[in-house]
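Enquirer: test case, fold it:
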Amino acid sequence: MSERSARPLVVENARIFDPSRGVDERGTLIVEDGTIVAAGAQAANQGVPDGAERLDASGLLLIPGLVDMRVFVGEPGNEHRETIRSASRAAAAGGVTSILTMPETDPVIDDVALAQFVVRTARETASVNVFPSAALTKGLRGKEMTEIGLLSQAGVRAFTDGRRTLTDAGLIRRIMTYMRDFEALFVHETQDAALVGSGVMNEGLLASWLGLPGIPREAEIIPLERDLRLASLTRAAYHAAKISTSDSVAAVRTAKDRGANATAGVSINHLSLNENDIGEYRTFFRLSPPLRHEDDRQAMIAGLADGSIDVICSSHDPQDADGKRRPFAEAETGAIGLETLLPAALRLHHSDQVPLARIIEAMTVAPAKLLKLDRGTLQTGRPADFALVDLHAPFVFDKSRIHSRSKNTAFEGARFQGEVINTFVSGREVFSAPQDDR
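Expert: Residues are numbered from 1 along each chain as shown. Below you'll find the predicted structure:
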């Protein structure tokens, strides 16, 4: 990792693209003391600060650094899968400058001291901004609410039980009511364990052909609809972490129309892949929720385009080789995704399925607003977190590009168009693509 000095930085001749301000124009970005001084066509009129480093970004797209609000790390407890340092390197390589880490570590992030451990470790080792989420329930056991008030006062911006789904509607209501007073975000992945059962992929004809137990779409939809009703009842801020079915999109859209303070996210996997990608029992495609029918994937794309889905996340979930080199039904779920989040999303732009502004918005200003971060924008006075992207550069994603400690990518060998060339955090360069890749 290279790191630029703290002297002023002027990025010239870039295509400045900032959905938070509706800006798409050729211009200049000026950074002083890690903060954006100006960004846009008129910035060049301000002149170059004394001692500034000048960077010619001709032919490159300059976007706010991505904000990924669903990242699993192994630290503490499972550092062999991923550390905060290695996750931050993977993030920087993908143009991601802020990550929200999940509390599913060992021990679980369910009290102030552990949340502060993540913050302190990130400050010492990470090259990007790391914000810890905390557990909704102690030990992720789904029984007793964590100290949400104390954790909120300590700076925790979101609460989730990670991969786990709460089953007690009364407890969910109490937590939501309590969280409302602290303006905290309730983030939930909805998978009814009883309906999932022993299922390992989407229930349907393909599962029958492969001889694998299926997971019905209702396993996601039923707890989601319950949550949305409770969010309306309590007026809490609710975020469906990862939806994957057409009915889920419809449920979120209906809740929003009802006035619920509800938002939804989708993983890049469910925007890019479907159940057919499992092929010959490829375990890197065993995910939760499972990859769905192509009709569901198209519904995810339509929901993103019309704003029913607010956020795209990587759902970065590193698993070691021992967890994936098993029969499909026994393999661990999850795939890494920080490095492939942006190029995979750009497929929707290049295929004219979703406008570029909507795609970038869903990975920058939208998650930043949900988490109350001063990131995801190129507004004057904000931290200078941004990425330079060659929007049209073709490349093949292979293992040599993976910075994560784990290699369980669902995009191995994928052909992409749109490569991150440089990533900056507070005006410092934290990633530069090798010259051979340009």
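Enquirer: buried stuff in stretch 170-181?
Expert: 171-173, 175-176, 178-180 (16 or more other C-beta atoms under 10 Å). Using the backbone N, CA and C atoms, a C-beta is placed for each residue, glycine as well.
Enquirer: using PDB, list the CA coordinates for it.
Expert: What follows is stretch 170-181, C-alpha atoms only, in PDB (Å, rounded to 0.1, in the frame of the first residue of the first chain):
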ATOM      1  CA  GLY A 170     -42.500  -9.100  21.100                       C
ATOM      2  CA  LEU A 171     -38.700  -8.800  21.600                       C
ATOM      3  CA  ILE A 172     -38.400  -7.200  18.100                       C
ATOM      4  CA  ARG A 173     -41.000  -4.600  19.000                       C
ATOM      5  CA  ARG A 174     -39.300  -3.800  22.300                       C
ATOM      6  CA  ILE A 175     -35.900  -3.400  20.600                       C
ATOM      7  CA  MET A 176     -37.400  -1.200  17.900                       C
ATOM      8  CA  THR A 177     -39.200   1.000  20.300                       C
ATOM      9  CA  TYR A 178     -36.100   1.400  22.400                       C
ATOM     10  CA  MET A 179     -33.900   2.100  19.400                       C
ATOM     11  CA  ARG A 180     -36.200   4.800  18.100                       C
ATOM     12  CA  ASP A 181     -35.400   7.000  21.000                       C
END
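Enquirer: now it: average pLDDT?
Expert: Stretch 170-181 carries an average pLDDT of 97.
Enquirer: name the residue most distant from the centre of the protein?
Expert: Asp50 (37.3 Å; C-alpha atoms, centre = their mean).
Enquirer: ok, it - contacts?
Expert: Going by C-beta atoms under 8 Å, 6 or more residues apart in numbering, Asp50 touches Pro8.
Enquirer: so which of the buried residues of stretch 170-181 comes closest to Arg235?
Expert: Arg180 (5.9 Å; C-beta to C-beta).
Enquirer: and that closest one, that's in a strand?
Expert: No: assignment of Arg180 by DSSP: H, G, I helix; E, B strand; the rest coil gives helix, placing it outside any strand.
Enquirer: run through who's touching the lengthiest helix in the chain.
Expert: In the chain, with assignment by DSSP state H, the single longest helix is helix 218-234. Contact with helix 218-234 is made by 165, 167, 169, 172-173, 176-177, 180, 186, 188, 190-192, 195-196, 199, 236-238, 240, 243-245, 247-248, 251-252, 254-255, 258-262, 289, as judged by C-beta under 8 Å, 6+ apart.
Enquirer: now render the buried residues of stretch 170-181 as CSV, adding distance to Ala126.
Expert: Shown next, in CSV, are those (distance: C-beta to C-beta, whole Å):
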residue, distance to Ala126
Leu171, 33
Ile172, 32
Arg173, 36
Ile175, 29
Met176, 31
Tyr178, 31
Met179, 27
Arg180, 31
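Enquirer: ramachandran angles for Ser152?
Expert: Here is the backbone geometry of Ser152 (degrees, to the nearest 10): phi -60, psi -40.
Enquirer: great, nothing more from me.
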